[in-house]
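> Provided below are the primary sequence and the corresponding predicted coordinates.
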Amino acid sequence: RKEVEQDPGPFNVPEGATVAFNCTYSNSASQSFFWYRQDCRKEPKLLMSVYSSGNEDGRFTAQLNRASQYISLLIRDSKLSDSATYLCVVRGWGAGSYQLTFGKGTKLSVIP
Amino acid sequence: NAGVTQTPKFQVLKTGQSMTLQCAQDMNHNSMYWYRQDPGMGLRLIYYSASEGTTDKGEVPNGYNVSRLNKREFSLRLESAAPSQTSVYFCASSPTSGGTDTQYFGPGTRLTVL
């Protein structure tokens, strides 16, 4: 089983739509969770950390379900500028707690 | 602040050539990392340095060496490049190597090995 799995997409949505991405991770001892955004041919940048209680940053809401080992990202009122690849990232466990494990990403295209 | 800088931005090598990728950060971070990103793959950790003076292997260290020159700089060396090392290489840094610390990435080096 892959450590961090995401639907690669692409998700093609119209402006103003709500879109949700899901991610599953394999190790129940994982400690920290993040969503990164990567624009085409650019470096990844942190979008938001994901907390156990769920958290919101403007139009973006992240949820964590430790029992199901599942992370989600909800984007409301999609903008053209949201077009990017969204990476689900999990921090390692135990001796590997230094290491971030990246999913392959979910590509989002917001269409006018 | 420049954040994390990498040189060069692009490089083409022939099989067997060597080169060093340079990375520097001006955020006074303790930890630095080298990743590679290949099409259809997630970013994979090559080496990391939790603090100045220490380096450790990541997921895919074979064919690479690193040097943590000082707190600011962390270089990646390919001693004898192979076509399988064609990739985009990202350097990153973070305040520490654990917890919820964010990793900040440089703009990447696009390497092609012929």
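That came through fine. What you are looking at is a predicted structure, and each value in this text was computed from that prediction instead of being measured.
> so after the least confident helix or strand in chain A by mean pLDDT, what's the next helix or strand?
Each helix and strand of chain A was given a mean pLDDT (mean pLDDT, DSSP states H and E); the minimum falls on strand A:100-102 at a mean of 89. With elements assigned by DSSP states H and E, the helix or strand that comes after strand A:100-102 is strand A:106-111.
> does that following strand come close to chain B?
No. Figure legend: strand A:106-111 not in contact with chain B (C-beta under 8 Å from any C-beta of the partner chain); closest approach 11.5 Å. Bear in mind the C-beta positions are built from the backbone N, C-alpha and C, glycine included.
> Can you list the buried residues in that strand?
Buried residues in strand A:106-111, counted by 16 or more other C-beta atoms under 10 Å in any protein chain shown: A:106-108, A:110.
> One more: stretch A:77-95?
A:78, A:82-92.
> Report the distance from that stretch to the chain centre.
Offset of stretch A:77-95 from its chain centre (C-alpha atoms, centre = their mean, to the nearest Å): 3 Å.
> mean confidence for it?
When pLDDT is averaged along stretch A:77-95, the result is 89.
> Give me the below-cutoff pLDDT ranges for chain A.
A:1-2, A:93-97 (pLDDT under 70).
> Number of residues surrounding B:S51?
B:S51 has 14 neighbouring residues, counting by other C-beta atoms under 10 Å in any protein chain shown.
> Same question for the one 5 residues further on.
If you count neighbours by other C-beta under 10 Å, B:D56 ends up with 14.
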